[in-house]
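1. quick check, what structure comes out for this input:
(chains A and B)
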Amino acid sequence: MTVAKKSPATRTATFKGARWLDERVGGAKFARKALTKVFPDHWSFMIGELALYSFVILLLTGVYLTFFFDPSSQLTTYEGSYEALRGVEMTEAYKSSLELSFDVRAGLLMRQIHHWAALLFLATMVVHLARVFFTGAFRKPREINWIIGVTLLTLAIFNGFAGYSLLDDQLSGTGLRIAYSIALSIPLVGTWITSLLFGGEFPGPDIIERLYVIHILLLPALIALLLGLHLFLVVRHKHTQFPGPGRREDNVVGEQVFPTYAAKAIGLFFLTVSVLCLLGGLVQINPIWVYGPFDPAEVSAASQPDWYMGWLDGALRIMPGWEIRAFGFEIPNPFFPAVLLAGATFGALYAWPFLEARVTGDHASHHLNDRPRQRPVRTSLGVATLAFYVVCFLGGAADVLSTTFGLSVNSVLWSFRLALFGLPPLAGWVAYRLCKELSARDGLPVAEKVHWREIPGRLRHGVATPTQDASRTDQPDESDESDVGASTGGRE
Amino acid sequence: MSPEHRTSSTTAEALAAACFFVAALAAVGLGVVYWRGGQTQLEGLLLAVATGGIGVGIVVWAKRFMPDEQVTEEREPLASTEEEIAAFRSSFEHGEQSVVGRRLLVASIGAALTALGGALLFPIRSLGPRPGRGLKQTAFAAARGRPGGVRLVRQDGSPLRPDDLAVDGVLTVFPEDHVRDADSPTLVIRTRADQELDLAEGRDEWVVDGIIAYSKLCTHVGCPVGLYQSGEGLLLCPCHQSTFNVLEGAKPVFGPAARALPQLPLGVDDDGYLIATDDFSAPVGPGFWDRGRS
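-> Numbering: from 1, shown residues only, chains lettered A, B, ... in the order given. You can find the predicted model right below:
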């Protein structure tokens, strides 16, 4: 290996600069600590990083887009370069989106990278959440960071929706109308919420202008703030690690930030940008000129939202035509699948770390990750839940499925209604059996098996007791660890 | 260092450097493409090559030439020690007396801040009007008690006669002078002579020459109900597949919608044009909690 030697002159200049700064703010000790900080290495720890990089790309491309987009519901007539829409009446918002796409050099590229980055942002957040869930990385002391993460996910979903609703094309207008109706369905406050948010009855005079402020200022600022807090806590807690030789509850084994980890992270950032540029340049996304401007009297068949709203759209379709009416009051149908289900989903996510600790009685701190197979109950519950939302998501494409395969829409939707209750238990059961088989094949530490039997009653399987984890922390049993390590860690 | 290792190391270095050079070339190319008028696909490709080259180069650099040793760092406990907590407590309690001890001041500043917080909520009220009759009526309400009713017009504003609609035909119409109202799109459908209408009492008079009119807004979440299967007389909402039976008062027969599409009472004015003689039979579009209260 050859190490390039810096010329003494450069060295002196750098040193002088650093000295100048240090005399004013101090911090050599802190900076050294930052350089030598250790991050454990595992491919699954990169997923959250990808979400972070997607967000950075969203900010960069988003700022560029704001220079050209005109968030106005003022009506105008299009006379621009896209032949098919000439002479059509539309809002300034839609018109400026067309101009951005057709007349601003690199405008369409930026718009498409922005949209792809949003899709990737949400996708990596969901996979990251699944990783943290299935490895038990949400346990004490990381509950607060789990809560911040779930909040980030909800904010990102809202911001993605607000973003694509700005363009005022036929598809997004339809989505906005559905969102309006969902908010309207909330008992007691629904009519007030929609009136205050939209500035009146749908579509309201101000909604594009308001969504714009929400999309480019309010939510991004909140996301950036919480993201900072999220990362701060990751540093404060020190990252979790998988069990392996030399890895214990009270240490962290991995690469130092400088230079290897930082270089890999920067490399990964550039690779993420690269993939998004490739998608943004070559794969069309949200071609608003095909949809036309929003007209509340029109809708096209096969109206599907962006992927992260798909589960809600599917739930709306799968729900049978029930609602509650009494004394002239009612709880309209969309309230149940859209408000109640969404509320229950995120409520359960927020509550999970506390729920699990309560049920298992495990209130100890954990820095060693579980392998999913070690926790059959948690893993199978997670898999069943995922199956539920996948069925919802696919239900959002019921009309496309029925036309593609020439089936009746009714029978497709009935299949989804049945699958929604049939598939999750089945998937959970399969996951449970797989966990058992796999951990048996691994010959997991006997200690765990003993402790399973010691836990009486519910959720007996696959949950470690605090005493066991404490014993591991206090007296690291070398043979035990190499046993686990043989099947898990240390590959990186 | 063994000779083989040196060779492969040289190769890796050359590879990383080549990546950076390709990236530089792609970046220059991007500038040229942009300068010459821009081309989305080429811009995306070149930008991807430029950033990808830098990314791959850095990763090769990191993997081959940077230390990959595993370093162990101890985890210090997160919780503070008992001494630290005691020290905090004594400092806090030292200052606490002058803050919490003043009961009257605490109570009064609490009252002031609460009142201020409440007052600051009021500007939210400016964001929109009080939800009122608007949700429960449309521009067709002007027809009530007016002999000429309200004419139905096409999107271009032109009125229509019953004969303008072919058998099995469907047309989206609006109240005259209100074609932009989001709550007013209405479907007029001309049923066939062999299709028997089974409507609620009194509503047979709302039909003119087999033409029946319903609100186009789905009672589920307000999408326009756009697909008509004339054979069975079914209207299908493309958004969430709610299905309504036109022949039976547009009652929902499948999907999430739980209420019938409101019907519009039709008539013909002295000039032979289709008119509405009153507003819809119920508030149009999606439900809300006090929809049924007048």
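
2. could you use CA atoms for every contact and neighbour count after this?
-> Noted.

3. now the strands for the chain?
-> Here I'm looking at chain A. Remark: strands assigned in chain A by DSSP state E are A:38-39, A:75-77, A:89-91, A:251-256, A:324-326, A:329-331.

4. sorry, should have said chain B
-> Going by DSSP E, chain B shows strands at B:71-74, B:150-153, B:170-175, B:186-190, B:211-215, B:227-229, B:234-236, B:243-245, B:251-254, B:263-264, B:266-268, B:274-276.

5. with distance to chain B and mean neighbour count added, can I get the strands of chain A in CSV?
-> Output for the strands of chain A, formatted as CSV (distance: least, C-alpha to the nearest C-alpha, whole Å; neighbours: other C-alpha atoms under 10 Å in any protein chain shown):
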stretch, distance to chain B, mean neighbour count
strand A:38-39, 7, 24
strand A:75-77, 12, 14
strand A:89-91, 12, 19
strand A:251-256, 4, 23
strand A:324-326, 9, 11
strand A:329-331, 5, 19
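
6. so which of those comes closest to A:Arg139?
-> A:Arg139 lies closest, by C-alpha to C-alpha, to one member of the strands of chain A: strand A:251-256, at 16.7 Å.

7. contact partners of the closest one?
-> Strand A:251-256 is contacted by residues A:35-41, A:238-241, A:246-247, A:261, B:68-75 when judged by C-alpha atoms under 8 Å, 6 or more residues apart in numbering or on different chains.

8. show me the shaky parts of the chain.
-> The chain I'm using is chain A. Scanning chain A for pLDDT under 70 picks out A:1-6, A:444-492.

9. um, chain B though
-> Chain B contains residues with pLDDT under 70 at B:1-7.

10. list the buried residues in the longest helix belonging to it.
-> For chain B, the helix with the greatest residue count under DSSP state H is helix B:3-35. Buried positions in helix B:3-35, judged by neighbour count with 16 or more other C-alpha atoms under 10 Å in any protein chain shown: B:9, B:12-13, B:15-17, B:19-27, B:29-30, B:33-34.

11. roughly how far does A:Val430 sit from chain B?
-> 32 Å (C-alpha to the nearest C-alpha, to the nearest Å).

12. distance of that residue relative to A:Thr385?
-> With distances taken as C-alpha to C-alpha, to the nearest Å, A:Val430 is found 13 Å from A:Thr385.

13. so which bits of the stretch 351-492 of chain A are right by chain B?
-> Residues of the stretch 351-492 of chain A lying close to chain B by C-alpha under 8 Å from any C-alpha of the partner chain are A:Asp399, A:Val409, A:Asn410.

14. need the residues you listed in TSV (columns: neighbour count).
-> Below are those laid out as TSV (neighbours: other C-alpha atoms under 10 Å in any protein chain shown):
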residue	neighbour count
A:Asp399	24
A:Val409	18
A:Asn410	17
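
15. wait, what's in contact with B:Leu266?
-> B:Glu205, B:Trp206, B:Val207, B:Val208, B:Ile212, B:Ala213, B:Leu274, B:Ile275, B:Ala276, B:Thr277.

16. show me where the stretch 51-200 of chain A has helices.
-> Counting by DSSP state H, counting those that start in this stretch, the stretch 51-200 of chain A has helices at residues A:92-102, A:107-134, A:143-165, A:170-184, A:190-198.

17. contact partners of stretch A:170-182?
-> Contacts with stretch A:170-182, where a contact means C-alpha under 8 Å, 6+ apart, come from A:164-166, A:194, A:202-203, A:288, A:291-296, A:298-300, A:303, A:305, A:334-335, A:338-339, B:221-223, B:286-287.

18. buried residues, stretch B:172-184. List them.
-> Under 16+ other C-alpha under 10 Å, the buried positions of stretch B:172-184 are B:Thr172, B:Val173, B:Phe174, B:Pro175, B:Glu176, B:His178, B:Val179, B:Asp181, B:Ala182, B:Asp183, B:Ser184.

19. that older thread, could you dump the helices of the stretch 51-200 of chain A to TSV with mean neighbour count and distance to A:Met46?
-> Putting those into TSV (neighbours: other C-alpha atoms under 10 Å in any protein chain shown; distance: least, C-alpha to C-alpha, whole Å) gives the following:
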stretch	mean neighbour count	distance to A:Met46
helix A:92-102	23	33
helix A:107-134	22	9
helix A:143-165	20	15
helix A:170-184	24	33
helix A:190-198	22	38
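
20. chain neighbours aside, what residue packs nearest to B:Ala18?
-> Leaving aside its chain neighbours, B:Ala18 sits nearest to B:Gly57 (7.9 Å; criterion: C-alpha to C-alpha, 6 or more residues apart in numbering or on different chains).

21. how far away is the one you found from A:Ile47?
-> The spacing between B:Gly57 and A:Ile47, counted by C-alpha to C-alpha, is 21 Å.

22. looking at the two, which one has more neighbours?
-> Ranked by neighbour count (other C-alpha atoms under 10 Å in any protein chain shown), B:Gly57 and A:Ile47 place B:Gly57 first, with 26 against 18.

23. quick check: that one touching B:Ala16?
-> Yes: the criterion here is C-alpha atoms under 8 Å, and B:Gly57 meets it with B:Ala16 at 4.2 Å.

24. quick check: B:Gly53 vs chain A, distance?
-> Using C-alpha to the nearest C-alpha, one gets 8 Å for the distance from B:Gly53 to chain A.
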